[in-house]
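**Student:** Let me see the structure of the following:
(chains A and B)
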Protein chains: 2
Amino acid sequence: MSFSISKVATILALGVVAVSALSSNVQAQATGFPTAQESDPTVMGWMEGFPPAPDQRITNPDSNFFSFPRLRWSVCHLREFLPTEQVSRGLGAPVPFNYALDETIDDVTFLPIRGEEEMTWEESLFANYTDGILILHEGRIVYERYFGCLDEAGQHAAMSMTKSFSGILAEMMVAEGTLDDTALVQEIIPELEASAFGSATVRQVMDMTTAFEFSEDYGDPDAAIWVYNAAASPFPKPADYDGPEGYFEYLQTVGPDPDGIQHGDEFHYRTPNSDVLGWIISRVSGQEVTELLSDRIWSRMGAEQDAYMTVDGVGTPFAGGGLSAGLRDLGRFGQIMLNDGEWQGEQLIPAAAIESVVGGGNLDDFAAAGYADLAGGSYRGQFWIFNNDHGAYAARGVHGQTIYIDPTADMVIVRFSSFPIAFNSRIDPTSLPAYQAVAEHLMAQ
Amino acid sequence: MSFSISKVATILALGVVAVSALSSNVQAQATGFPTAQESDPTVMGWMEGFPPAPDQRITNPDSNFFSFPRLRWSVCHLREFLPTEQVSRGLGAPVPFNYALDETIDDVTFLPIRGEEEMTWEESLFANYTDGILILHEGRIVYERYFGCLDEAGQHAAMSMTKSFSGILAEMMVAEGTLDDTALVQEIIPELEASAFGSATVRQVMDMTTAFEFSEDYGDPDAAIWVYNAAASPFPKPADYDGPEGYFEYLQTVGPDPDGIQHGDEFHYRTPNSDVLGWIISRVSGQEVTELLSDRIWSRMGAEQDAYMTVDGVGTPFAGGGLSAGLRDLGRFGQIMLNDGEWQGEQLIPAAAIESVVGGGNLDDFAAAGYADLAGGSYRGQFWIFNNDHGAYAARGVHGQTIYIDPTADMVIVRFSSFPIAFNSRIDPTSLPAYQAVAEHLMAQ
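**Tutor:** Numbers count the residues shown, from 1 in each chain, chains lettered A, B, ... in the order given. Predicted structure coming up:
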């Protein structure tokens, strides 16, 4: 891999591109990294002192702020690098969770995928460079810990879990009849008529079964991924820059799949779909994604903290990966999903919106994408559906972010992490079986 | 005035420089601006639509985002242009104010300074391009209105009111014995030993009676104001940039007054003093100004909203002007000052800290600075002391920001504004007598 991580990181599109395209030698790099304890930002001393010593500074955009181990500090501090918009919690009192802590969870054991030795739950937290972990069972917090850069009053990058918020907002509109998921994108966003997206249906965008030209050949400076990244950067463009400005202009430049693949043929996990979806829900609602997320969810769930989203250079929130939020607030959202949308006596999310997600996407399309450790799963409404015995599904983001919802065990797990490499294929083997083991532990209580 | 407003605005040092240095022809420009109603951001349509039309975009840093009328949108959206740090309200329930609304305040009349016709309170709101106005009397809200870009859930730029927060934190440390205001700056910040600031006392910094070289000749590209502005910018520096990086490096480059003026000789309202003070209180406390402000004030006053501060390129909060906050939260702070530091049964700010401010600064020094409409006043601990009959004092920021505290009338007024030009000398004539008239009105109830 010769591409510059810092270049990717600069524009924060890191890890929001296809997971499957990455070569295995990146994954091999995981061995040999300093441990979670060794790379703890407080051990590293990043940004301490007034001013921080030059070799302890993490600044933007030339400081590799999103490469390990600096990543471990930066995931809690994105707003200090980038322009952002608030996702307001409103002005009322937060609604606290009840606690029923289970101290035996740390000792729950599981066998990692392809592993030969059992691992304890607590060991898995360090193996995955966990920054925050929350387990809700029957609506109460049974487990909650913070590490590294995070504490209960902090916000952590949600990365591509952002997509699931864009997705559920779209599913809500579909359920409420304000958005027709069979409509063509160009009927809602005429500006996209000439782009590949114009002829896709809203549902194909939501489920990432669109077809479009999107080279992730990082060695090619003209590859789409670089055009996308440059367009997305909120920083001043070079004087000779003549590419698109912002997510929406970029999307208009996207052409059809060069190999003739048609919409609906295949599932490809590609972030520009989420940007199209952000545009759609904004156009339909008349609200930015930040406002919509606040009005429909954040300000109604008794959130403890505002969340925020990064924006491009024309103020468009990054619907595919820009959210940062508090751990327990993501727990509230997960619990609402688990409750079929009901929250404190109110139907906060239409049950039909959640049913659409839980029902899952096309199994064959997903199988063809070759996610080995997610075999049998699917992708629907910007959520990952595991189709396991428990009917679990999740919001997921690179470097180990997850909201894992297990309806059978009446359990939600939220994890913020800063694993040294981005790809969940490296992280899942010590995560998914751990979640299942805790679910079984809780069900046996 | 030939300097580029956009260049100043780019690095957000606009208006944090000396007020007295400005030529009167700038003030003359105030006539002929569109009215408050005409320039209302919602009327102008700034940043509406997905995406906003090119001529309705306000982006950074090349869009004159801090020049009128764009200013009127930007004052509520600084975090969308610039990296920021949170000032956390904590996670508890906000403590609401009680209301005792007085609808007759709108009809209170006053004679503007140098005016010939009386004006009503309500007329003064439009004359001053008010974005948010709050009046507290005997601890209850008697008046509260929002205009333009602001609502009760929004945050507005506090501009140089930020200084008063840095100042009161320093006064608290002095009162508590952790900061000696007679100490030399170099004893606390050895890095400043070779700069002009090193030989000043902490008190001289707090009261802006330091002497140092600080040219505000905007026509001279080597003037200190440009060096300061470039250092403060959080954006990537040009490849050939070899100047200081961030507030703290800039302060180390500041030389003595070229005319031989000594510390203590004169009062000069100059923002770098507040940056020195921010450095001092951070070094003494081990906390960034944002953390300190949260720990000591914001998280203890039942605030409704987080506040935030802009940061430089190495993550240092702008102690001289970087704060944005909600209207009622500044009201809480003003009420605490009025209460001699007591708040909900707790001595949140030592009474001695407030006594130090209220006691005022050197009258002769202030008189020599020539603020015509503030005659008889002084400057102390980063607050403006009016020395009027009511013993009023204030935090003030350019474009009309104020927290006006009137102990005699048991009244606090908070105003956020976006007056077309920066200088309060243009704004005070229709503001200070209005505050006095409302105070007398409330006292007569």
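**Student:** only C-alpha atoms for contact and neighbour calcs from this point on.
**Tutor:** Fine.
**Student:** and chain A, which residues reach chain B?
**Tutor:** A:49-52, A:57-61, A:79-85, A:88, A:90-94, A:153, A:235-236, A:248, A:279, A:282-283, A:286, A:288, A:304-305, A:311, A:313-316 (CA under 8 Å from any CA of the partner chain).
**Student:** Which of those fall within strands?
**Tutor:** A:84-85 (DSSP state E).
**Student:** Quick one, which of the residues of chain A next to chain B are buried?
**Tutor:** Buried residues within the residues of chain A next to chain B, counting neighbours by 16 or more other CA atoms under 10 Å in any protein chain shown: A:50-52, A:57-61, A:79-85, A:88, A:90-94, A:235, A:248, A:279, A:282-283, A:288, A:304-305, A:311, A:313-316.
**Student:** ok now do residue A:404, which residues does it touch?
**Tutor:** Residue A:404 makes contacts with A:334, A:392-395, A:412-414, as judged by CA atoms under 8 Å, 6 or more residues apart in numbering or on different chains.
**Student:** Likewise for residue A:393?
**Tutor:** A:358, A:383-387, A:404-406.
**Student:** so what pLDDT did it get?
**Tutor:** Turning to residue A:393, the model gives it a pLDDT of 98.
**Student:** that older thread, among the residues of chain A next to chain B, which are located in helices?
**Tutor:** Using DSSP state H, the subset of these located in helices is A:248, A:279, A:282-283.
**Student:** Low-confidence ranges, chain A, go.
**Tutor:** A:1-31, A:61-63 (pLDDT under 70).
**Student:** please redo it, this time with the cut-off set to 50
**Tutor:** A:1-30 (pLDDT under 50).
**Student:** Pop the domain breakdown of it in here.
**Tutor:** A:105-176+A:286-443, A:185-272 (automatic domain parsing).
**Student:** can you give me the end-to-end distance of the last one?
**Tutor:** Pointing back at domain A:185-272 there. Using CA to CA, to the nearest Å, the end-to-end distance of domain A:185-272 comes out at 13 Å.
**Student:** Stretch A:224-244 now?
**Tutor:** By CA to CA, one end of stretch A:224-244 lies 12 Å from the other end.
**Student:** and among the domains of chain A, the most buried is which?
**Tutor:** A comparison of the domains of chain A by mean neighbour count, using mean count of other CA atoms under 10 Å in any protein chain shown, puts domain A:105-176+A:286-443 on top with a mean of 21.
**Student:** distance between that one and the chain's centre?
**Tutor:** Put simply, domain A:105-176+A:286-443 sits 8 Å off its chain's centre (CA atoms, centre = their mean, to the nearest Å).
**Student:** what does stretch A:272-285 give?
**Tutor:** Worked out by CA atoms, centre = their mean, stretch A:272-285 lies 16 Å from the chain centre.
**Student:** what do you get for stretch A:204-216?
**Tutor:** Distance, centroid of stretch A:204-216 to centroid of chain: 17 Å (CA atoms, centre = their mean).
**Student:** Make JSON lines from the ones in helices among the residues of chain A next to chain B and add distance to residue A:228 to it.
**Tutor:** Shown next, in JSON lines, are those (distance: CA to CA, whole Å):
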{"residue": "A:248", "distance to residue A:228": "10"}
{"residue": "A:279", "distance to residue A:228": "16"}
{"residue": "A:282", "distance to residue A:228": "20"}
{"residue": "A:283", "distance to residue A:228": "21"}
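**Student:** And the furthest pair within the contacts of residue A:404?
**Tutor:** Farthest apart among those by CA to CA are A:392 and A:414. That separation is 13.2 Å.
**Student:** And the ones in helices among the residues of chain A next to chain B, which is closest to residue A:354?
**Tutor:** residue A:282 (20.3 Å).
**Student:** What residues does the spatially closest residue to residue A:84 that is not a sequence neighbour make contact with?
**Tutor:** Counting by CA to CA, 6 or more residues apart in numbering or on different chains, residue A:84 lies nearest to residue A:310, which is 4.2 Å off, once chain neighbours are set aside. Residue A:310 sits next to A:78-79, A:82-85, A:317-318, A:322-323 when contact means CA under 8 Å, 6+ apart.
**Student:** For residue A:163, see how far away residue A:310 is.
**Tutor:** From residue A:310 to residue A:163 the distance is 13 Å (CA to CA).
**Student:** what do you get for residue A:425?
**Tutor:** Taken as CA to CA, the span from residue A:425 to residue A:163 is 18 Å.
**Student:** next one: residue A:405
**Tutor:** 16 Å.
**Student:** coming back round to it: reformat the contacts of residue A:393 into TSV and put secondary structure next to each item.
**Tutor:** Shown next, in TSV, are the contacts of residue A:393 (DSSP: H, G, I helix; E, B strand; the rest coil):
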residue	secondary structure
A:358	helix
A:383	strand
A:384	strand
A:385	strand
A:386	coil
A:387	coil
A:404	strand
A:405	strand
A:406	strand
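**Student:** can I get those residues in TSV with distance to residue B:243?
**Tutor:** Listed next are the contacts of residue A:393 as TSV, based on distance: CA to CA, whole Å:
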residue	distance to residue B:243
A:358	56
A:383	48
A:384	49
A:385	53
A:386	54
A:387	58
A:404	49
A:405	52
A:406	55
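**Student:** Residue A:396 in helix, strand or coil?
**Tutor:** Residue A:396 is classified as strand under three-state DSSP.
**Student:** got the contact list for it?
**Tutor:** A:160-161, A:383-384, A:402-403.
**Student:** now residue A:314
**Tutor:** With CA under 8 Å, 6+ apart, residue A:314 has these contacts: A:234, A:245-246, B:51-52, B:57-59.
**Student:** go again using 6 Å as the cut-off
**Tutor:** Residues counted as contacts of residue A:314 (CA atoms under 6 Å, 6 or more residues apart in numbering or on different chains) are residue B:59.
**Student:** again with the one 3 residues further on
**Tutor:** Residues touching residue A:317, when contacts are defined by CA under 6 Å, 6+ apart, comprise A:309-311.
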